[in-house]
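Visitor: Would you be able to build a 3D model of this:
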Amino acid sequence: MSEQRSKPTGLYVAGEWITDTDESIVSTDPSDADEVVAEVAKGDRADAQAAIDAAVETQDEWASLTTHERGAYLHETASIIEDRKEELSRLVTREMGKTIGAASGELQRTIDLLNYYAEVARDAGGNAPPSASENTLTYTQREPWGTAGVITPWNYPIAIPTWKIAPALVAGNTIVFKPASQTPAIAAELVRAFEEAGVPEGVINFVPGSGSDVGDEITTNDDVDIVTFTGSYQVGDHVHTAAAEAGKRVQCEMGGKNPIIVDESADIDLAVELTINGAFTGLSGQACTATSRAVVLDEVHDEYVDRLLERVESLTVGHPLEEGSDLGPKSSADSLEGDLEYVEIGESEGATLRTGGSRIEDGEFAGGHYIEPAVFTDVEPDMRIAQEEIFGPVLSVIEVGDYEEAMEVANGVEYGLSASICTNRLDHAKQFARDIETGIVKVNQTSTGVEMQMPFGGRKNSSTETFKEQGRQALDFYTHEKAVYVTHNE
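Guide: Residues are numbered from 1 along each chain as shown. Presented below is the predicted three-dimensional model:
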């Protein structure tokens, strides 16, 4: 299914596109690794410095605009992306490998985020609590930090940058944006939309490149005031430490090992669908909120497993642009090899591989990074497949005796991003919301999927737990708050 290669693109610094660099990033199609989707000029440390300089230079001008004026640029950007939604959805699928339905959903989320923050900013200023003195006016006001370094992952290559950049911009900050090297072309199109909307030169700067060069410069440069990162725990921990040591405000959202608990009262058909949608469909398990563990009470374990296996084996692994494909390829050869390695680890630990787990490489799948969705049973909570983030369509089913044991297992990992329970018991639903050690709690919903007006963030190794993303709370990270006292004479 060959498609036209995207036009050459590259760095965007001080309002200019730079395509002539020593190296380029070659973006390939996960469904056919021989097919090049785009070539994007690769920046280095000096380019990152130039981008930071451009952002700093235009800080005062951008901050001097009202939130209404800044929000208008976001509305216009949303309109531009909406006009190109079908085209950009296909680009997401071709670069990342998620199904076209999932990609279209991501584009709609991008549009909605831009419009949401354009409106939220209108009344997200300070407040005016009354003073104890009749002659004193007290109020708070919010002001931007200055320049924000934005470092984003490949699995939501346009939505995650947007939910960081949009609140940063309306708050009055300028941007230096480093995308994931796996998906630079769709990230460039986001920047192009901001440019077309008329965002002033230097407000948004875009530098694709390596983490060791571009990422490190953004993280440690004295002229970058705040850093926001989404990615793996290993990289995020480094970013957090380096940025904090450099005296910056920093926010990192990282991995997950998210459970769904199925209790004795659960609607089993619903539990199976929630598991399927959370663990497999659309993104092939490549989401930080994806369901990785099913913690199932023994009373319903066998029935749940039987129905789950039947449902998993009915899923269609296919080309992500084809209608009817439930799962596409993994995003890269390395990601696929990681999944296959975890399947071997699970079997070596004594878990039972009930279905899937093999690479698919015959016929139309040749050259792509495809794997059958895998389900393990007889999984012990301390096994590596039950403890470590796999980031692929590999599910561990863990049988437990009661609710208390289920909670012990659910909380017994180093991550704490999202968790779900399937239950018809109100007491379990309420107790679960109190007991679970995650930032996101779902009852009779998938572990994936969040609403933009709600705060997003995890606990433990899933997050630095400094500031939340999304919702109105996102603006807290991107602003200072001043307390103002004005005393006047009668």
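
Visitor: okay, CA-based contacts and neighbour counts for the rest of this
Guide: Fine.

Visitor: so what's residue 36 bridging to?
Guide: residue 28 (DSSP bridges).

Visitor: Contacts only, for it.
Guide: With contact taken as CA atoms under 8 Å, 6 or more residues apart in numbering, residue 36 is in contact with 5, 26-29.

Visitor: Which positions within the longest helix belonging to the chain qualify as buried?
Guide: Using DSSP state H, we find that the single longest helix of the chain is helix 100-120. By 16 or more other CA atoms under 10 Å, the buried positions in helix 100-120 come out as 100-104, 106-120.

Visitor: what does stretch 244-256 give?
Guide: Result for stretch 244-256 [16+ other CA under 10 Å]: buried residues 244, 248-256.

Visitor: Over to stretch 337-351?
Guide: Buried, per 16+ other CA under 10 Å, within stretch 337-351: 339-340, 342-343, 346, 351.

Visitor: In three-state terms, how would residue 296 be classified?
Guide: Under DSSP: H, G, I helix; E, B strand; the rest coil, residue 296 falls in the strand class.

Visitor: Tell me how far it lies from residue 108.
Guide: 34 Å (CA to CA, to the nearest Å).

Visitor: ok, now residue 93?
Guide: Counting by CA to CA - residue 93 and residue 108 are separated by 14 Å.

Visitor: picking up where we left off before, in helices, which of the buried residues of stretch 244-256 appear?
Guide: Short answer: those in helices (DSSP H) are residue 244.

Visitor: among the buried residues of stretch 244-256, which two are most distant?
Guide: 248 and 256 (25.0 Å; CA to CA).

Visitor: Let me see the residues that make contact with the helix or strand harbouring residue 339.
Guide: Applying DSSP states H and E as the criterion places residue 339 in helix 333-349. Applying CA under 8 Å, 6+ apart, the contact partners of helix 333-349 are 330, 352-353, 357-359, 369-371, 374, 376, 383-385, 390-394.

Visitor: CA-only coordinates of it in PDB, if you can.
Guide: Output in PDB follows, covering the C-alpha atoms of helix 333-349 (Å, rounded to 0.1, in the frame of the first residue of the first chain):
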ATOM      1  CA  ALA A 333      11.600  -3.200  14.800                       C
ATOM      2  CA  ASP A 334      13.000  -2.600  18.300                       C
ATOM      3  CA  SER A 335       9.500  -2.400  19.800                       C
ATOM      4  CA  LEU A 336       8.500  -5.700  18.200                       C
ATOM      5  CA  GLU A 337      11.700  -7.400  19.300                       C
ATOM      6  CA  GLY A 338      11.000  -6.200  22.900                       C
ATOM      7  CA  ASP A 339       7.500  -7.800  22.800                       C
ATOM      8  CA  LEU A 340       8.900 -11.100  21.500                       C
ATOM      9  CA  GLU A 341      11.500 -11.100  24.200                       C
ATOM     10  CA  TYR A 342       8.900 -10.600  26.900                       C
ATOM     11  CA  VAL A 343       6.900 -13.500  25.500                       C
ATOM     12  CA  GLU A 344      10.000 -15.700  25.900                       C
ATOM     13  CA  ILE A 345      10.500 -14.300  29.400                       C
ATOM     14  CA  GLY A 346       6.900 -15.100  30.400                       C
ATOM     15  CA  GLU A 347       7.200 -18.700  29.200                       C
ATOM     16  CA  SER A 348      10.600 -19.100  30.900                       C
ATOM     17  CA  GLU A 349       9.100 -17.900  34.100                       C
END
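
Visitor: After it, heading C-terminal, what element do we hit next?
Guide: strand 352-355.

Visitor: Parallel or antiparallel, which strands does the helix or strand that comes right after that next one pair with?
Guide: Toward the C-terminus, strand 352-355 is succeeded by strand 359-360 as the next helix or strand (DSSP H and E). Strands adjacent to strand 359-360 in the sheet, as given by DSSP bridges, are strand 370-371 (antiparallel).
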